[in-house]
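Colleague: Attaching a predicted model along with its sequence, questions to come.
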Amino acid sequence: MATLAFFGVGVNLVLFLTRVLGQDNAEAANDGSKWTGTVYLFSLLGAFLSDSYWGRAWYHYLYQQAFFSLKLKGCSDEQSPCGSHSAFQLAFFNLSIYLIALGNGGYQPNIATFGADQFDEEDPIEGYSKIAFFSYFYLALNLGSLFSNTILGYFENEGMWALGFWASTGSSILALVLFLYGTPRYRHFEPKGNPLSRFCQVLVAATKKLKVKMMPSGEDFFELEGKKCSKNGDKKILHTQGFKFLDRAAIITQKEFNHMDNDTHNPWHLCIVTQVEEVKCILRLLPIWLCTILYLVVFTQMGSLFVEQGAAMKTTISSFHIPLASMSSFDILSVATFIFIYMRVLDPLVALRMNNAKGLTELQRMGIALFIAILAMVTAGVVECFNSLSIFWQIPQYVLIGASEVFMYVGQLEFFNGQAPDGLKSFGSALCMTSISLGNYVSSLLVTIVMRFSAKDNMPGWIPSNFNKGHLDLFYFLLVALTTADLMVYIACAK
């Protein structure tokens, strides 16, 4: 229900920008990418305010959609674009979509972590169920968007935007009611503190002790004993090599030792070893995280340039007009199919052949996703080389993107949730969301750079308003080259 509400607005946003606001294709693709990027950038805010496990995002939806409903009737379908809009109307439009970004970003990083918390890792059965949970969780997200991409997409494509947005409002209200109904049955865990402050405390404490001499043996490192390894009851993490600069945060000086009372200390001056190691864990995740950003640049095209590419193709069967947003249904069906194939066929087969109960590792799955993404961009580029094709020729590129999602997103969720320490679980989930955000911003930047260099000397550029005069295929092939290079770097980092 939550995903239905979100995609009821987001899935056709590019078409709304072109048909209602009159933007050209490149500008609409950029604004759509920036908005999607902001949605997931707000996930950092959601992570830092998280561990309350309340879906406060839904409260935003109750009034977000009302702004969208302030639209003139009788325009905004494909044949009847709207005229100009006042500054007041544009301000309301931007306020509404960025409230949606704030609302969705608030719950996104917490929902996966909260779901994983419902399983006890110490229990063998629940531990296995937790691994399966991430696959089913992502499947549920995609099935939730299926209605938005088909039924709502059809009405919005016909110019009935207000109906689509009010349907999203109803879905968000129902989601809130269901969430509140199940609250007494959930497993709840006490908040572990702001992950950003825990992270910053180590950096600040280490910087303050730049001139303090470190003992080679590490005997002067500060750690609480026994069960009190941290005030939140997190598992104790032993000291590791690497990032030695951060070790300074755990050095206990004679002055600090003399003023310490009952193990109390100021974490902005002195951190325990476990807290320092938490930061090291996050820093070790960053190379893999950076490599996933370019994959998200590819994924972003499904909601922007794929839609605009489809608009320039034949979209009718007899007298029926195919809604452009409904093409992403093939992505959703691909996700559902490949999750089943992966869990029931591929993973057990690999586990049997490699004598490994877990099958493919998270890193292997993300590498496979990058390779499939390359194939998707090659397919999209080849389709663009031909004119006057049916929109159904886009199906292979949507299917390949869906297959890559299964390996990338589920692998990402498992990897960052598993590798992140107890005190920074929500921060680990936020890394997944922020990679989506940066992927959208990089996509917007890439489109801007390409248009600046290709639209010269009276040339329309690679992504003009009329795709028949441009070279969208070259843009897709550029993404093939960039993603291939990214895959090589990823393999080096994963090793």
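Modeller: Sure, I can see it.

Colleague: And Gln397, how far from Leu95?
Modeller: 34 Å (C-beta to C-beta, to the nearest Å). Where you see a C-beta, it was placed from the backbone N, CA and C, and this is true even at glycine.

Colleague: Oh, that last question was meant for Val350, not what I typed.
Modeller: As judged by C-beta to C-beta, Val350 and Leu95 stand 49 Å apart.

Colleague: more neighbours, these two?
Modeller: Each of Val350 and Leu95 has its neighbours counted (other C-beta atoms under 10 Å); Val350 has more, 16 against 12.

Colleague: what about the strands in the protein?
Modeller: In the chain, the strands defined using DSSP state E lie at 316-317, 320-321.

Colleague: And stretch 241-251, what's buried?
Modeller: 246-251 (16 or more other C-beta atoms under 10 Å).

Colleague: Show me which of those residues is closest to Ile368.
Modeller: Closest approach between these and Ile368, by C-beta to C-beta: Leu246, at 33.3 Å.

Colleague: Quick one: the helices in the stretch 1-150 of the chain, in order.
Modeller: In the stretch 1-150 of the chain, the helices defined using DSSP state H, counting those that start in this stretch lie at 2-10, 13-19, 25-48, 57-68, 87-116, 124-147.

Colleague: ok, back up a step: got the buried residues of stretch 241-251 as JSON lines, with distance to Val489 columns?
Modeller: As requested, the buried residues of stretch 241-251 are exported to JSON lines (distance: C-beta to C-beta, whole Å):
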{"residue": "Leu246", "distance to Val489": "25"}
{"residue": "Asp247", "distance to Val489": "28"}
{"residue": "Arg248", "distance to Val489": "31"}
{"residue": "Ala249", "distance to Val489": "30"}
{"residue": "Ala250", "distance to Val489": "32"}
{"residue": "Ile251", "distance to Val489": "35"}
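
Colleague: Make TSV out of the residues you listed and add pLDDT and distance to Lys34.
Modeller: TSV is the format used below for the buried residues of stretch 241-251 (pLDDT from 0 to 100; distance: C-beta to C-beta, whole Å):
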residue	pLDDT	distance to Lys34
Leu246	92	34
Asp247	90	40
Arg248	90	39
Ala249	89	36
Ala250	88	41
Ile251	89	44
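
Colleague: just to revisit the earlier point, reformat the strands of the chain as TSV; add mean pLDDT and distance to Thr434.
Modeller: Putting the strands of the chain into TSV (pLDDT from 0 to 100; distance: least, C-beta to C-beta, whole Å) gives the following:
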stretch	mean pLDDT	distance to Thr434
strand 316-317	86	40
strand 320-321	81	38
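
Colleague: and those strands as TSV, adding distance to Ala373?
Modeller: Formatted as TSV, those follow (distance: least, C-beta to C-beta, whole Å):
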stretch	distance to Ala373
strand 316-317	29
strand 320-321	30
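
Colleague: correct me, but Ser437 touches Trp35?
Modeller: No. Here Ser437 lies out of contact with Trp35, judged by C-beta atoms under 8 Å, at a distance of 10.5 Å.

Colleague: follow-up on the earlier one: which of the helices of the stretch 1-150 of the chain sits closest to Leu474?
Modeller: Across those, Leu474 has its closest neighbour in helix 25-48 (14.1 Å, C-beta to C-beta).

Colleague: any idea of the mean pLDDT in the closest one?
Modeller: The average of the pLDDT scores along helix 25-48 is 74.

Colleague: Just give me how far it sits from the chain centre.
Modeller: Averaging C-alpha positions (C-alpha atoms, centre = their mean, to the nearest Å) puts helix 25-48 10 Å from its chain's average.

Colleague: Just list what it packs against, helices and strands only.
Modeller: helix 2-10, helix 13-19, helix 87-116, helix 195-208, helix 305-311, helix 425-454 (3 or more C-beta pairs under 8 Å, 6 or more residues apart in numbering; DSSP states H and E).

Colleague: Report the angle between that helix and helix 425-454.
Modeller: Angle of helix 25-48 versus helix 425-454, following axes from the mean of the first three to the mean of the last three C-alpha atoms, to 10 degrees, is 160 degrees.

Colleague: on that earlier part again, check the helices of the stretch 1-150 of the chain for me and report the most buried one.
Modeller: helix 2-10 (a mean of 26; mean count of other C-beta atoms under 10 Å).

Colleague: wait, which of the buried residues of stretch 241-251 is closest to Leu333?
Modeller: Leu246 (46.3 Å).

Colleague: Pull the contacting residues for that closest one.
Modeller: Applying C-beta atoms under 8 Å, 6 or more residues apart in numbering, one finds that Leu246 lies in contact with 202-203, 206, 276, 279-280.

Colleague: swap in Thr150?
Modeller: Residues counted as contacts of Thr150 (C-beta under 8 Å, 6+ apart) are 323, 326, 329.

Colleague: Who wins on neighbours among the residues you listed?
Modeller: For the contacts of Thr150, the largest number of neighbours (other C-beta under 10 Å) sits with Pro323, at 24 neighbours.

Colleague: That one reaches Tyr154, doesn't it?
Modeller: Yes. With contact defined as C-beta under 8 Å, Pro323 reaches Tyr154; the gap is 4.5 Å.

Colleague: any weak-confidence spans in the stretch 151-300 of the chain?
Modeller: By pLDDT under 70, the weakly predicted segments of the stretch 151-300 of the chain are 188-195, 216-220, 225-234, 260-264.

Colleague: all helices for it, in order.
Modeller: In chain order, the stretch 151-300 of the chain shows helices spanning 153-157, 161-182, 195-208, 244-247, 254-258, 273-300, with DSSP H, counting those that start in this stretch as the criterion.

Colleague: closest one to Leu370 among those helices?
Modeller: helix 273-300 (5.6 Å).

Colleague: So which other helices or strands are in contact with that closest one?
Modeller: Packed next to helix 273-300, using 3+ C-beta pairs under 8 Å, 6+ apart, are helix 195-208, helix 244-247, helix 362-384, helix 395-419, helix 425-454, helix 472-494.

Colleague: what's the third one packed up against?
Modeller: Here helix 362-384 touches helix 273-300, helix 305-311, helix 395-419, helix 472-494, going by 3+ C-beta pairs under 8 Å, 6+ apart.

Colleague: So for that helix, mean pLDDT?
Modeller: Rounded mean pLDDT across helix 362-384 is 95.

Colleague: picking up where we left off before, of the helices and strands packed on helix 273-300, which is nearest Asp123?
Modeller: helix 395-419 (16.4 Å).

Colleague: circling back to that earlier point, may I see the ChimeraX selection of the buried members of the contacts of Leu246?
Modeller: Burial among the contacts of Leu246 is assessed by 16+ other C-beta under 10 Å; the matching ChimeraX selection reads:
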select :202,206,276,279,280
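
Colleague: what does stretch 441-453 rub up against?
Modeller: Residues outside stretch 441-453 that contact it (C-beta under 8 Å, 6+ apart) are 26, 29-30, 33-34, 37, 293-294, 296-297, 300-301, 304, 461-463, 475, 478.

Colleague: Could I have the CA atoms of stretch 139-156 written out in CSV?
Modeller: Only the C-alpha atoms of stretch 139-156 are listed here, as CSV (Å, rounded to 0.1, in the frame of the first residue of the first chain):
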residue,chain,number,x,y,z
LEU,A,139,9.0,-8.4,-4.1
ALA,A,140,6.3,-6.8,-2.0
LEU,A,141,7.6,-3.3,-2.9
ASN,A,142,7.3,-4.2,-6.6
LEU,A,143,3.9,-5.7,-6.4
GLY,A,144,2.7,-2.6,-4.5
SER,A,145,3.7,-0.5,-7.5
LEU,A,146,2.0,-2.8,-10.0
PHE,A,147,-1.4,-1.1,-9.5
SER,A,148,0.2,2.3,-9.8
ASN,A,149,2.0,1.4,-13.1
THR,A,150,-1.1,-0.1,-14.7
ILE,A,151,-4.5,1.2,-13.5
LEU,A,152,-3.3,4.6,-12.1
GLY,A,153,-0.9,4.9,-15.0
TYR,A,154,-3.8,4.6,-17.5
PHE,A,155,-5.9,7.3,-15.8
GLU,A,156,-3.0,9.7,-15.5
